[in-house]
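Trainee: the amino acid sequence is not available; the structure is as follows:
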């Protein structure tokens, strides 16, 4: 570690979306603390989000074990360093046993919960100006994204997958929405279609190939790493997706982002940013909970969200935003 540096241990979430929502704290700390150096601890899925972080000393993937031994393993990796600051977004007990000048530990709020970005900001006692999600993609990721998205036609990005069937809008409705926006007379007529997802979504992504010409189809599902996908989203004219990590990745990238909601709370998990919107069907979250109180039934709670409603929200968002600049970084 360079002399005079200020070492910060930042323990973030397992899931991609939660890690993105608290990522702005790293940018805030980097801006406000001279010579800050970061060690980031994250779940295996979320850890790649921070691979290109400036002033990164170490990136520690943190996989849970059934016996709870993962906390002891982490403690052994970080206990020997004298930290300037430990930020623990998991609210664990590990920080009590580390040598540090200061601790910032996430605590679940009392009363009515707020948006997760605001909750994260309060961990650092930021009340006036929340820290919006922020990620950094290095030159290699940006170069890969530029190659994948080369062209001038606007990009419609879709993320049709989610981690639970209950909040997954039907694939057929995603397809119809894309055809209306990209087809003759559509708001993105002649545009390109970009599909996002993980390795397990390759087959799902393939079902969208016939919507547009091969030259206008960009498949990132299982083909691009997280930071490359993030860099690609900087170049998207519009993103539409379920409440998922990809949705938060899009909002962090600054793309006009339309999140589709049903059995999750957009007041807490809505996409964050001036160019971000959430849309749901006729039923409120309370209405859905009356049907499925524990939100544990294997049913789709998104069936009352129509294609017409999503297309209208997409057109309104397009009208309120501008295309990304060429050569965006």
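Mentor: Ah, there it is. Please read all numbers here as calculations on a predicted model, not as lab measurements.

Trainee: list the buried ones in the lengthiest helix in the chain?
Mentor: Secondary structure of the chain per DSSP state H: the longest helix is helix 307-320. Neighbour-count burial for helix 307-320, with 16 or more other CB atoms under 10 Å as criterion, is recorded at 307, 309-311, 313-315, 317-318. (Glycine included, C-beta is placed from N, CA and C.)

Trainee: pLDDT of the host helix or strand of residue 252, averaged?
Mentor: Taking DSSP states H and E as the criterion, residue 252 maps to helix 245-253. For helix 245-253, mean pLDDT is 98.

Trainee: and the buried residues of helix 307-320 as JSON lines, adding pLDDT?
Mentor: Output for these, formatted as JSON lines (pLDDT from 0 to 100):
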{"residue": "307", "pLDDT": "98"}
{"residue": "309", "pLDDT": "98"}
{"residue": "310", "pLDDT": "98"}
{"residue": "311", "pLDDT": "98"}
{"residue": "313", "pLDDT": "98"}
{"residue": "314", "pLDDT": "98"}
{"residue": "315", "pLDDT": "98"}
{"residue": "317", "pLDDT": "98"}
{"residue": "318", "pLDDT": "98"}
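
Trainee: all strands of the stretch 201-329 of the chain, in order?
Mentor: Counting by DSSP state E, counting those that start in this stretch, the stretch 201-329 of the chain has these strands, from start to end: 217-219, 238-242, 257-261, 276-280.

Trainee: ok, the last one: who's next to it in the sheet?
Mentor: When you say that, I think you mean strand 276-280. strand 257-261 (parallel) (DSSP bridges).

Trainee: if we can go back for a sec, of all the strands of the stretch 201-329 of the chain, which one is nearest residue 135?
Mentor: Closest to residue 135 of the strands of the stretch 201-329 of the chain, according to CB to CB: strand 257-261, at 14.2 Å.

Trainee: what angle do that closest one and strand 238-242 make?
Mentor: 20 degrees (axes from the mean of the first three to the mean of the last three CA atoms, to 10 degrees).

Trainee: contacts for stretch 76-92?
Mentor: 6-13, 18, 22, 25, 29, 33, 36, 39, 41, 60, 71, 94-95, 97-108, 120, 123-124 (CB atoms under 8 Å, 6 or more residues apart in numbering).

Trainee: which of those residues fall in helices?
Mentor: Using DSSP H, the contacts of stretch 76-92 in helices are 18, 25, 29, 71, 120, 123.

Trainee: dump those into JSON lines; add pLDDT as well.
Mentor: Listed next are these as JSON lines, based on pLDDT from 0 to 100:
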{"residue": "18", "pLDDT": "97"}
{"residue": "25", "pLDDT": "97"}
{"residue": "29", "pLDDT": "96"}
{"residue": "71", "pLDDT": "88"}
{"residue": "120", "pLDDT": "94"}
{"residue": "123", "pLDDT": "93"}
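
Trainee: any weak-confidence spans in the chain?
Mentor: Within the chain, the ranges that satisfy pLDDT under 70 run 1-3, 326-327, 329.

Trainee: can you rerun that using 80?
Mentor: In the predicted model, the chain carries pLDDT under 80 at residues 1-4, 66-68, 110-113, 127-129, 297-298, 326-329.

Trainee: show me it divided up by domain.
Mentor: Under the assignment automatic domain parsing, the domains of the chain span 6-123, 140-320.

Trainee: so which of the ones you listed comes closest to residue 133?
Mentor: domain 140-320 (3.9 Å).

Trainee: is residue 144 in contact with residue 231, as I believe?
Mentor: Yes - counting by CB atoms under 8 Å, residue 231 is a contact partner of residue 144 at 7.2 Å.

Trainee: and of the domains of the chain, who's closest to residue 328?
Mentor: Of the domains of the chain, nearest to residue 328 by CB to CB is domain 140-320, at 4.9 Å.
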